[in-house]
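1. have a look; sequence and predicted model below, questions after that.
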Amino acid sequence: MNRKLLFIPLGLFMVFAVVALIALNRNAQGDDPTKLESVLIGHPVPEFRLEDLVDPTKRYDRDIFVGEPLLLNVWATWCPTCYAEHQYLNQLASQGVKIIGLNYKDERNKAVGWLNDLGNPYLISLFDGDGMLGLDLGVYGAPETFIIDANGVVQYRHVGDVNPNNWASTLEPLYNQLLAEAKQ
């Protein structure tokens, strides 16, 4: 038997060990392996023209994101985590947080019923039935929330529900900073 063939398993093991050590080192340094970066950070919200969820005769484009900082919340009725975060979004809206909703790959009548039954935290509710704006935003699923500055530029992407913990620790400080900058 060729002695070189005996070293193949050892070589494969060494490659695996190096990859595992790199991954462990990244986690030890505080990198969040569940965090999904967005190529849109620092760029304007992509161009779009979408119908209003409730009134299909109304259409909106990215100009709705210019003027003041706000949240863009991607949600759907088929998303159990969206249901879990909805009450907190209503609370934030009642405190003056500006939120635009993007109903993503959903059925319009179910989504309208959801807002009627659970309350509507959104200044505007966009209907993205085919998911094209979601695709342009790089959405993997719902819920996802983007923080948009007063110039319509994406500043942050949050994957998962908005809740009191991540609002207080991450989202609120950034939102408040953008509000202060917009007033200058």
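-> Structure received.
2. so the spatially most central residue of the chain versus S94, what's the distance?
-> The centre of the chain sits closest to E144, judged by Cα atoms, centre = their mean, with a distance of 2.6 Å. Using Cβ to Cβ, to the nearest Å, we find E144 at a distance of 22 Å from S94. Backbone N, C-alpha and C define where each C-beta goes, glycine included.
3. how about the one helix or strand Y83 maps to as CSV, C-alpha atoms only?
-> Using DSSP states H and E, the element containing Y83 is helix 80-94. Output in CSV follows, covering the C-alpha atoms of helix 80-94 (Å, rounded to 0.1, in the frame of the first residue of the first chain):
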residue,chain,number,x,y,z
PRO,A,80,-45.7,33.4,14.3
THR,A,81,-42.8,35.6,15.5
CYS,A,82,-44.5,38.6,13.8
TYR,A,83,-47.5,37.9,15.9
ALA,A,84,-45.3,37.8,19.0
GLU,A,85,-43.8,41.2,18.3
HIS,A,86,-46.9,43.0,17.1
GLN,A,87,-48.1,44.1,20.5
TYR,A,88,-44.7,45.6,21.2
LEU,A,89,-44.8,47.5,17.9
ASN,A,90,-48.2,48.9,18.8
GLN,A,91,-46.6,50.1,22.1
LEU,A,92,-43.6,51.7,20.3
ALA,A,93,-46.0,53.5,17.9
SER,A,94,-48.1,54.8,20.8
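4. domain parsing for this protein?
-> Residue ranges for the domains of the chain, per automatic domain parsing: 1-30, 49-183.
5. quick one, helices of this protein?
-> All helices of the chain, identified by DSSP state H, fall at 3-28, 80-94, 108-118, 132-137, 164-166, 172-183.
6. list the buried residues for the fourth one?
-> Taking 16 or more other Cβ atoms under 10 Å as the basis for neighbour counts, the residues of helix 132-137 that come out buried are L133, G134, L137.
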